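Colleague: got a predicted structure plus its sequence, pasted below:
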Amino acid sequence: MNSIQAGGLSGVDKEEFMQQVQQEIAVANAQEMLT
């Protein structure tokens, strides 16, 4: 993700993006636990 795109995010978009990242991290952690 480039800094230009990050700089253009509104507060709501940033919050949704952070939630998506946290969800992806949780999925990755769960997959590691299963293997």
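Modeller: That came through fine.

Colleague: what about the strands in the chain?
Modeller: For the chain, no strands are identified by DSSP state E.

Colleague: pLDDT value on the residue nearest the centre of the chain, please?
Modeller: Compute the mean C-alpha point of the chain, and by C-alpha atoms, centre = their mean the closest residue is residue 21, 1.5 Å away. Listed pLDDT for residue 21 reads 96.

Colleague: ditto for residue 8
Modeller: So, for residue 8, pLDDT stands at 62.

Colleague: one more: the one 4 residues further on?
Modeller: pLDDT, the model's per-residue confidence, is 77 for residue 12.

Colleague: any idea how far residue 23 is from it?
Modeller: Using C-beta to C-beta, to the nearest Å, residue 12 is found at 17 Å from residue 23. For the C-beta atoms, the positions are set from N, CA and C on the backbone; glycine is no exception.

Colleague: likewise residue 35?
Modeller: From residue 35 to residue 23 the distance is 19 Å (C-beta to C-beta).

Colleague: of these two, who's got more company?
Modeller: Legend: neighbour count by other C-beta atoms under 10 Å for residue 35 and residue 23, higher for residue 23 (10 against 4).

Colleague: just list the residues touching the more buried one, thanks.
Modeller: For residue 23, the contact set (C-beta atoms under 8 Å, 6 or more residues apart in numbering) is empty.

Colleague: mind listing the helices in this protein by residue range?
Modeller: 3-7, 11-34 (DSSP state H).

Colleague: now stretch 21-35, how far from the centre of its chain.
Modeller: Relative to its parent chain, stretch 21-35 has a centroid offset of 12 Å by C-alpha atoms, centre = their mean, to the nearest Å.

Colleague: swap that for stretch 11-19, sorry
Modeller: Relative to its parent chain, stretch 11-19 has a centroid offset of 8 Å by C-alpha atoms, centre = their mean.

Colleague: and stretch 13-21, by the same measure?
Modeller: With C-alpha atoms, centre = their mean, you get 5 Å for stretch 13-21.

Colleague: what about residue 22, how many neighbours?
Modeller: So residue 22, with other C-beta under 10 Å, has 10 neighbours.

Colleague: equivalent analysis for the one 10 residues further on, please.
Modeller: Taking other C-beta under 10 Å as the neighbour definition, residue 32 ends up with a count of 8.
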